[in-house]
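> Pasting the sequence and the predicted model now:
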Amino acid sequence: MQPSPCTNQRPHNPMHTLVRRYLFTAFGFLVVGIVLGVIMLARRELGGVWGHPYLATAHTHTVLVGFVMFMIFGVAQWMFPRPQKGDVRYSPALAEAVYWLLTVSTVLRLTGELARAAWDVPQLKWAILTGGIGQAVGFVAYIWNMRSRIRQAGSKLREDKGERF
């Protein structure tokens with residue numbers, strides 16, 4: 001289906017539930033990151049209290065992993081070509097599991113670092129480490145699962161006709 005010349009709209013590409021979940025989760029993490037950043041900024045500027053290093057790390061991971069990576073992963077899940085029929089390399093169940101692993105791990109890391117900034121409890125180190133490892137495993141599992149969807153689609157046909165981008 002070609003875009004309408006009058007409206008310049010793209011063909012309808014509905015979002016799957018998992019995609020919407022990634023995007024809304026990204027927005028949630030962004031709000032948390034913004035609130036945390038504003039609190040740290042206000043404490044520094046109005047009270048002369050610099051943020052604890054764990055607060056800075058919590059803020060950074062909430063925005064960069066929680067917002068940026070969830071947004072990228074959600075949009076990639078939506079925009080990459082669908083798995084080819086019979087392709088067993090892509091697993092919808094693994095895609096769902098990766099979402100939950102990343103969400104739980106990011107929340108664990110965020111809450112662990114926020115708690116560590118308030119209380120020097122050695123056991124919190126394990127919560128933070130577990131969250132970080134969970135994030136790393138989730139990233140690798142996402143890439144592994146999406147690898148078969150990173151392929152030439154319509155552009156290959158256009159390239160074969162001599163079109164250059």
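Noted; the coordinates are in hand. Keep in mind that what you see is a predicted model, and the values were worked out from it rather than measured.

> pretty sure R116 contacts G131?
No. Using C-beta atoms under 8 Å, R116 is not in contact with G131, being 11.3 Å away. The C-beta positions use only the backbone N, C-alpha and C, and glycine is treated the same way.

> Can you report how many residues neighbour G132?
Counted with other C-beta atoms under 10 Å, the neighbours of G132 add up to 19.

> any idea which element it lies in?
Assigned by DSSP states H and E, G132 belongs to helix 124-146.

> cool, and R21?
helix 17-47.

> next one: A56
Secondary structure assignment for A56, by DSSP H and E: helix 53-61.

> Can you give me every residue that contacts V32?
V32 makes contact with T62, G66, L110, according to C-beta atoms under 8 Å, 6 or more residues apart in numbering.

> buried subset of the residues you listed?
Buried by 16 or more other C-beta atoms under 10 Å: T62, G66, L110, out of those.

> would you turn these into JSON lines with distance to K125?
Conversion of those to JSON lines gives the following (distance: C-beta to C-beta, whole Å):
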{"residue": "T62", "distance to K125": "19"}
{"residue": "G66", "distance to K125": "21"}
{"residue": "L110", "distance to K125": "15"}
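
> Any regions of this protein where pLDDT drops low?
Residues of the chain meeting the criterion pLDDT under 70: 1-13, 153-157, 165.

> residue contacts, the most centrally placed residue in the chain?
By C-alpha atoms, centre = their mean, the chain has its centre lying nearest to F70, at 1.4 Å. By C-beta under 8 Å, 6+ apart, the contact set of F70 is Y22, L23, T25, A26, F29, L102.
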